[in-house]
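Visitor: I would like the atomic coordinates for the input below:
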Amino acid sequence: MPIGLTYGPRCHVVHSLNRRTCQLSAIQQRSRLCLVASGSEDVSSLLGDIGLPDIDQDLEGYQEEAGAVFIDGQSVPVSYGNNSKAIYSVEEDGVLLDASDCPRIRVAGPDAAAFLHGQTSVNVEGIRPGNSKEACILTAQGRIIDLVLLVRTESGFLVICSPGMGQHIADHFRKHIFMSDDVEVQDVSAATAMFRVMGPKSNDILYTLELSETVLGGEFGTHEVVGFDGEPLIVIKGTDLGYSGYTLIISESGAAALWSTLTAFEIEPMGTEAWNIARILSGRPKVPSELNDSYTPFDCGLYHTVCLNKGCYVGQEALAKIYNLDAGKWEMWGLAVEKPCAAGDEIFVVTSEGHAKAGKVSSYVDTVAGEHRALCFLDRKLLGKEHMPSTWNGTVVNVGEDMVQAHVKSVPYPTRALNDCDRPKKSVDAKLAEGKVAHHDEKSRDDKLRQMQERLDAWKSSQNN
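Guide: Sure, this is the predicted structure:
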């Protein structure tokens with residue numbers, strides 16, 4: 001049992017007619033999970049030595065009992081046959097999502113913070129233990145490899161990646177470790193499970209974990225470790241879609257019991273199909289549709305993941321140049337289409353010169369309400385600087401070869417401006433450029449005065465003759 005955690009008996013979950021009910025002690029509803037937060041326990045130390053456990057309960061069995069559908073190649077449920085309810089519940093009630101397909105990479109060691117500071121787009125050294133931050137991993141050209149969550153602990157970080165990106169990110173990190181770096185990279189995905197509780201009901205459910213106010217009332221990314229049924233449980237404030245909620249990480253051996261207990265709160269299970277609908281409606285980019293080497297964080301509305309004054313990191317020079325010169329090409333927007341379309345379809349807009357190519361569709365989905373919604377990238381300067389910012393919101397465009405009409409929609413997830421603390425300090429190059437401009441203006445003024453004096457002297461000379 002990890003030091004610093006106090007455990008109580010977990011509530012017993014009874015299965016009857018596919019309905020789970022909690023047998024609570026007579027004392028209180030708040031003690032359902034009987035958990036006490038440690039506050040100071042270190043996430044990395046808990047995860048570092050986890051091996052593959054003997055699983056005494058079947059998570060997949062619990063999920064299938066709730067109607068889960070699995071397909072080849074995916075480790076989490078695609079659907080529970082309840083997409084309509086799930087989309088409603090994430091907005092009005094609460095949902096439970098198995099997000100174990102999001103890889104979890106542990107980066108630990110004395111140099112972990114300095115290493116990730118140079119490998120990601122945010123000020124990692126400014127993230128204190130007990131906090132987390134979204135960040136981009138970039139190419140040298142400032143293009144996106146992945147959007148991750150950096151969970152800071154006392155001895156390192158847990159890096160939560162996009163589905164299918166675990167091996168790639170781990171290899172990317174190992175490739176950039178110097179011999180002098182005291183850094184360890186370990187993929188702990190197979191030894192852990194990850195769930196997300198999302199929606200207005202999430203606070204009521206997580207309140208039973210007796211978390212500290214630091215997490216319950218904290219900002220996005222605050223986290224702590226509590227105990228659950230003899231297992232350490234990491235609880236992180238926030239979700240990947242921007243909805244209110246929490247991200248929970250537990251060892252694989254405790255996953256089934258945790259899932260079973262959470263479903264006792266009559267929370268609606270959500271599969272990846274419903275998650276994708278919610279993703280597109282909220283405007284959250286994903287790999288590879290939007291997060292790929294064609295786009296920068298600025299293109300994808302990920303300004304909140306960029307720091308331009310922390311010093312050098314992979315992709316920093318390219319991003320600084322784009323920002324300082326206002327050279328960004330694209331903006332990601334939502335799209336309400338009158339008929340179905342497909343990712344890759346071109347988008348056109350009517351200008352004074354006729355139909356002009358404006359961008360292309362990156363993701364498309366039919367919603368449970370029968371709407372046709374998409375995410376797209378649009379040329380941020382096509383309609384002229386005088387319309388910026390928010391150039392495209394509400395604009396009528398045409399999509400695909402059939403010129404299907406669509407309306408550009410603002411979506412809540414993207415950010416369009418850097419945080420004040422992340423804005424670039426005036427660089428030496430910028431100062432020199434300003435000096436050159438000032439010098440050029442002064443020289444031009446002197447030249448004009450000299451020319452005027454020469455003309456005056458010539459006129460006086462002609463008068464004397």
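Visitor: rest of the way, CA atoms for contacts and neighbours
Guide: Fine.
Visitor: now the helices for the protein?
Guide: Counting by DSSP state H, the chain has helices at residues 43-48, 59-65, 83-92, 112-119, 166-175, 202-207, 213-216, 252-263, 272-282, 316-324, 428-464.
Visitor: Just the buried residues of the longest strand anywhere in the chain, please?
Guide: The residue-count maximum for a strand in the chain (DSSP state E) belongs to strand 354-366. Within strand 354-366, the residues that qualify as buried are 357-365, counting by 16 or more other Cα atoms under 10 Å.
Visitor: out of the helices of the chain, nearest to residue 102?
Guide: helix 166-175 (7.7 Å; Cα to Cα).
Visitor: Could you check the angle the closest one makes with helix 112-119?
Guide: 100 degrees (axes from the mean of the first three to the mean of the last three Cα atoms, to 10 degrees).
Visitor: Which residues belonging to helix 166-175 are considered buried?
Guide: Under the neighbour-count criterion of 16+ other Cα under 10 Å, helix 166-175 has 166, 169-170, 173 buried.
Visitor: What of stretch 251-265?
Guide: Of the residues in stretch 251-265, 251-264 count as buried by neighbour count, 16+ other Cα under 10 Å.
Visitor: Looking at the residues you listed, which one is closest to residue 202?
Guide: Set against residue 202, the nearest of the buried residues of stretch 251-265 by Cα to Cα is residue 262 (10.4 Å).
Visitor: How much space separates that closest one from residue 289?
Guide: The gap separating residue 262 from residue 289 is 32 Å, by Cα to Cα, to the nearest Å.
Visitor: Next: residue 403.
Guide: Applying Cα to Cα, the value for residue 403 to residue 289 is 22 Å.
Visitor: and if you look at residue 69?
Guide: Here the criterion is Cα to Cα. By it, residue 69 lies 24 Å from residue 289.
Visitor: what about the chain, any weak spots by pLDDT?
Guide: In the predicted model of the chain, residues 1-57, 384-390, 425-445, 448, 456, 459-460, 462-465 satisfy pLDDT under 70.
Visitor: How about residue 251, nearest residue that isn't a chain neighbour?
Guide: Nearest residue to residue 251, sequence neighbours excluded (Cα to Cα, 6 or more residues apart in numbering): residue 192, at 4.2 Å.
Visitor: just residue 240 next, same as before
Guide: Excluding the flanking residues, the one nearest residue 240 by Cα to Cα, 6+ apart is residue 284, at 7.9 Å.
Visitor: cool, residue 305 as well?
Guide: Residue 305's closest residue in space is residue 135 (Cα to Cα, 6+ apart), at 4.8 Å.
Visitor: Now do the same contact list for the one you found.
Guide: 120-122, 147-150, 305-306 (Cα atoms under 8 Å, 6 or more residues apart in numbering).
Visitor: out of the residues you listed, who has the most neighbours?
Guide: Greatest neighbour count in the contacts of residue 135, by other Cα atoms under 10 Å, goes to residue 121: 29 neighbours.
Visitor: how near is residue 86 to residue 235?
Guide: Separation of residue 86 from residue 235 (Cα to Cα) stands at 22 Å.
Visitor: Which positions within stretch 86-93 qualify as buried?
Guide: By neighbour count with 16+ other Cα under 10 Å, stretch 86-93 contains the buried residues 86-91, 93.
Visitor: Could you dump the residues you listed into JSON lines and include distance to residue 315?
Guide: As requested, those are exported to JSON lines (distance: Cα to Cα, whole Å):
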{"residue": "86", "distance to residue 315": "38"}
{"residue": "87", "distance to residue 315": "37"}
{"residue": "88", "distance to residue 315": "39"}
{"residue": "89", "distance to residue 315": "39"}
{"residue": "90", "distance to residue 315": "35"}
{"residue": "91", "distance to residue 315": "36"}
{"residue": "93", "distance to residue 315": "40"}
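Visitor: Which one of these is nearest to residue 391?
Guide: For these, the nearest to residue 391 is residue 91 (28.1 Å; Cα to Cα).
Visitor: Phi first, then psi, for the residue lying closest to the closest one once chain neighbours are set aside.
Guide: Nearest residue to residue 91, sequence neighbours excluded (Cα to Cα, 6+ apart): residue 199, at 5.8 Å. With angles defined as degrees, to the nearest 10, residue 199 sits at phi 110, psi 170.
Visitor: Give the burial count for residue 199, as a bare number.
Guide: Here the number of neighbours of residue 199 (other Cα under 10 Å) works out to 24.
Visitor: Pick out whichever of the buried residues of stretch 251-265 sits closest to residue 461.
Guide: Closest to residue 461, out of all of the buried residues of stretch 251-265 and judged by Cα to Cα, is residue 251, at 96.6 Å.
Visitor: Now stretch 226-243: buried residues?
Guide: Using 16+ other Cα under 10 Å as the test for burial, stretch 226-243 gives 226-243.
Visitor: should've said stretch 266-276
Guide: 267-276.
Visitor: Send over that stretch as PDB, restricted to the C-alpha atoms.
Guide: Provided in PDB are the C-alpha atoms of stretch 266-276 (Å, rounded to 0.1, in the frame of the first residue of the first chain):
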ATOM      1  CA  GLU A 266     -26.500   6.100 -13.200                       C
ATOM      2  CA  ILE A 267     -24.200   8.000 -15.400                       C
ATOM      3  CA  GLU A 268     -24.500   7.500 -19.100                       C
ATOM      4  CA  PRO A 269     -21.600   5.500 -20.800                       C
ATOM      5  CA  MET A 270     -20.100   7.200 -23.800                       C
ATOM      6  CA  GLY A 271     -18.300   5.400 -26.700                       C
ATOM      7  CA  THR A 272     -15.800   6.900 -29.200                       C
ATOM      8  CA  GLU A 273     -18.600   7.500 -31.800                       C
ATOM      9  CA  ALA A 274     -20.400   9.900 -29.500                       C
ATOM     10  CA  TRP A 275     -17.100  11.400 -28.300                       C
ATOM     11  CA  ASN A 276     -16.200  12.200 -31.900                       C
END
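Visitor: So what touches it?
Guide: Identification of contacts with stretch 266-276 by Cα under 8 Å, 6+ apart yields 20, 66, 68, 76-80, 82-87, 89, 93-98, 263, 365.
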